[in-house]
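Enquirer: give me the fold of what follows.
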Amino acid sequence: MIDPIGLAATSSKATDSRDAKLKKAAQQLEGVFIQQLYKSMRDTVPQQDGIVSGGAGEEVFTGLLDQHLAAETPKHWETGLSDALYRQLRRGMPVDTSAAAMAATPAPQSVPLAR
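Expert: The predicted structure follows:
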């Protein structure tokens, strides 16, 4: 006999895992977007050449600072870009209907054979 509850639980775990991966990917994409935003904003500030110019070290530092800020900024937003991305991408994910169909289908009954 097939255990439809067990199949539904397995399917639920797979769906939860898929949702978690999608949410993480949306958050990472949000981080990349924000990092690019900070980089573009920093590029608009005129660079000063002179005695306090940091050179390559300053470029590395500001790049790492932008990366850190990009990771921290969305934590302070109530709803961010990643939530919108997640909701939009979630709609396009295929629905796992096999376990739901198995749970809804009654177990086969034994039918007496005609003699």
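
Enquirer: and the closest residue to Lys23 other than its chain neighbours, how many neighbours?
Expert: Spatially, and ignoring its direct neighbours in sequence, Lys23 is nearest to Tyr86 (5.3 Å; CB to CB, 6 or more residues apart in numbering). Bear in mind the C-beta positions are built from the backbone N, C-alpha and C, glycine included. Here the count is done by other CB atoms under 10 Å, and Tyr86 has 19 residues near it.

Enquirer: for Phe61, which three-state class applies?
Expert: State at Phe61, reduced to three classes by DSSP: H, G, I helix; E, B strand; the rest coil: helix.

Enquirer: report pLDDT for it.
Expert: Looking at Phe61, its pLDDT is 86.

Enquirer: from Ala26, how far out is it?
Expert: Per CB to CB, to the nearest Å, Phe61 is found 29 Å from Ala26.

Enquirer: comparing the two, which residue is more hemmed in?
Expert: Relative neighbour count places Ala26 above the other of Phe61 and Ala26, with 21 against 11, counting by other CB under 10 Å.

Enquirer: I'd say the more buried one and Gly80 touch.
Expert: No - contact between Ala26 and Gly80 fails when scored by CB atoms under 8 Å: they sit 9.3 Å apart.

Enquirer: least confident secondary structure element in the chain?
Expert: helix 97-104 (a mean of 50; mean pLDDT, DSSP states H and E).

Enquirer: re the thing from before, show me what contacts the residue nearest to Lys23?
Expert: Leu22, Lys23, Ala26 (CB atoms under 8 Å, 6 or more residues apart in numbering).

Enquirer: mean confidence score for the helix or strand encompassing it?
Expert: Taking DSSP states H and E as the definition, one finds Tyr86 inside helix 81-92. Helix 81-92 shows a mean pLDDT of 85.

Enquirer: let's have the chain start at 3 instead
Expert: OK, 3 is where the count begins now, so the last one is helix 83-94.

Enquirer: just the helices in this structure please.
Expert: Under the criterion DSSP state H, the chain contains helices at 6-45, 57-74, 83-94, 99-106.

Enquirer: which elements pack onto the longest one?
Expert: Contact here means 3 or more CB pairs under 8 Å, 6 or more residues apart in numbering; DSSP states H and E; on that basis helix 6-45 packs against helix 57-74, helix 83-94, helix 99-106.
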